[in-house]
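Novice: just need the structure, nothing else, for what follows:
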Amino acid sequence: MTGFRSFLVAFSLLALAPAQALAATSPWAETAGGRVRLIVLPEAADGRVPALLEIELRDGWKTYWRDPGQSGISPSITISPASGLALEQIRFPVPKRFSDGFTAYTGYDRSLALPLTLRRQGPAAGERITASVFLGVCENICIPLQAELSVDGAKAAIENPIERAMAAAAEAALPAAPSPEFIVTEARWKADGSALSVTFTAPEPSAEKPLQVFVSGPEGFQFDAASTPVRSGGSYRVDVPLRHKPKSARLDEAALVFTAESGGRTMEMPLVID
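Specialist: Numbers count the residues shown, from 1 in each chain. All right, here's what the predicted structure looks like:
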């Protein structure tokens, strides 16, 4: 048991203490397969406001990664302009691939928290920090979860040790930066633009911790599952088919991200296309 779930167990007793109640946390928004809430931490000197979207799933239910695959709904978060903040970034742990026999998709079958970076745009017009959230929660069928989550802006300015620990646990669950033994060494599009060919080094996979590879792009880009990795010396090569892109998008200008897991280690990095 690792990552965010370990944190929930370790801090369960602490969270019961009234003096340590979560101050800058919205009420839960619930649906059949789970629930979601917003947590906002104090603003940094540079105008950056750390936050979390906590997603709690019931057994047997799943939710989606930023590129959901053939079917699914990637999480969408919109911050109210009245909050004086804008959403700058959503970050994701390494996902899994799933198939129901008809379609394949990419996501999570466990509870998780997505670290958010909000950025100060101007003074708040009210007392609340409000986010409109839309995501898919699926078992045999998918149920869209649409909610407005709101946090007291004054409470968000107060440091809370539980919220800070939750943010640290969510950060620790994210993929690591590249290292010499886990890094992309070459990426290039196929001549017809149908797939991306990626060469990379990775730790030795195992039956329990196999090699998984994902590529994601800007809004409107969708990639299929990578081919079976081919090993050559100390490197691997995979082809990642491009399922869809906006008609106006240029492949040589697309900001792509490579995400991988192998042997219990994770890595994520932007791709430089040769």
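Novice: gap between the two ends of stretch 190-208?
Specialist: End-to-end distance of stretch 190-208: 32 Å, with C-alpha to C-alpha, to the nearest Å as the criterion.
Novice: and what of stretch 211-225?
Specialist: 13 Å.
Novice: and for it, what's in contact with it?
Specialist: Contacting residues not belonging to stretch 211-225 are listed as 65-67, 69-70, 94-97, 104, 106, 196, 198, 202, 205, 226, 229, 236, 238, 240-246, 249, 254-263, 271 [C-beta atoms under 8 Å, 6 or more residues apart in numbering]. For glycine as for every other residue, the C-beta is placed from the backbone atoms N, C-alpha and C.
Novice: whichever of these end up buried, select them in PyMOL.
Specialist: Typed into PyMOL, the line below selects the buried ones among these, using 16 or more other C-beta atoms under 10 Å:
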select buried, resi 65+66+67+69+94+95+104+106+196+198+202+205+226+229+236+238+240+242+245+254+256+257+258+259+260+261+262+271
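Novice: grab the most central residue of this structure for me.
Specialist: Centroid check for the chain by C-alpha atoms, centre = their mean gives residue 92 as the closest residue, at 1.8 Å.
Novice: show the pLDDT at the residue lying closest to residue 57 once chain neighbours are set aside.
Specialist: Nearest residue to residue 57 in three dimensions, chain neighbours excluded: residue 34, at 4.2 Å (C-beta to C-beta, 6 or more residues apart in numbering). According to the prediction, residue 34 has pLDDT 95.
Novice: packing partners of the lengthiest helix in the chain?
Specialist: Using DSSP state H, we find that the single longest helix of the chain is helix 161-172. For helix 161-172, the packing partners by 3 or more C-beta pairs under 8 Å, 6 or more residues apart in numbering; DSSP states H and E come out as helix 3-10, strand 34-40, strand 48-57, strand 112-120.
Novice: which of the ones you listed is buried the deepest?
Specialist: strand 34-40 (a mean of 23; mean count of other C-beta atoms under 10 Å).
Novice: quick check: phi and psi at the residue sitting furthest away from the middle of the chain.
Specialist: Farthest-out residue of the chain from its mean C-alpha position, per C-alpha atoms, centre = their mean: residue 233, at 32.0 Å. Reported as degrees, to the nearest 10, the phi and psi values for residue 233 are phi 60, psi -130.
Novice: just the one 5 residues further on next, same as before
Specialist: Main-chain torsions, residue 238, degrees, to the nearest 10: phi -130, psi 150.
Novice: need the pLDDT of it.
Specialist: pLDDT for residue 238: 97.
Novice: residue contacts, it?
Specialist: 197-198, 213, 226-230.
Novice: who does the helix or strand where residue 266 lies pair with, and is each partner parallel or antiparallel?
Specialist: Using DSSP states H and E, residue 266 maps to strand 265-270. Using DSSP bridges, the strands paired with strand 265-270 are strand 257-262 (antiparallel).
Novice: where in the stretch 151-274 of the chain is pLDDT low?
Specialist: By pLDDT under 70, the stretch 151-274 of the chain contains no weakly predicted segment.
Novice: now the helices: where do they sit in the stretch 51-200 of the chain?
Specialist: 153-156, 161-172 (DSSP state H, counting those that start in this stretch).
Novice: circling back: got a markdown table for the helices and strands packed on helix 161-172, with distance to residue 209 too?
Specialist: Converted to a markdown table, the helices and strands packed on helix 161-172 look like this (distance: least, C-beta to C-beta, whole Å):
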| stretch | distance to residue 209 |
| --- | --- |
| helix 3-10 | 14 |
| strand 34-40 | 26 |
| strand 48-57 | 22 |
| strand 112-120 | 18 |
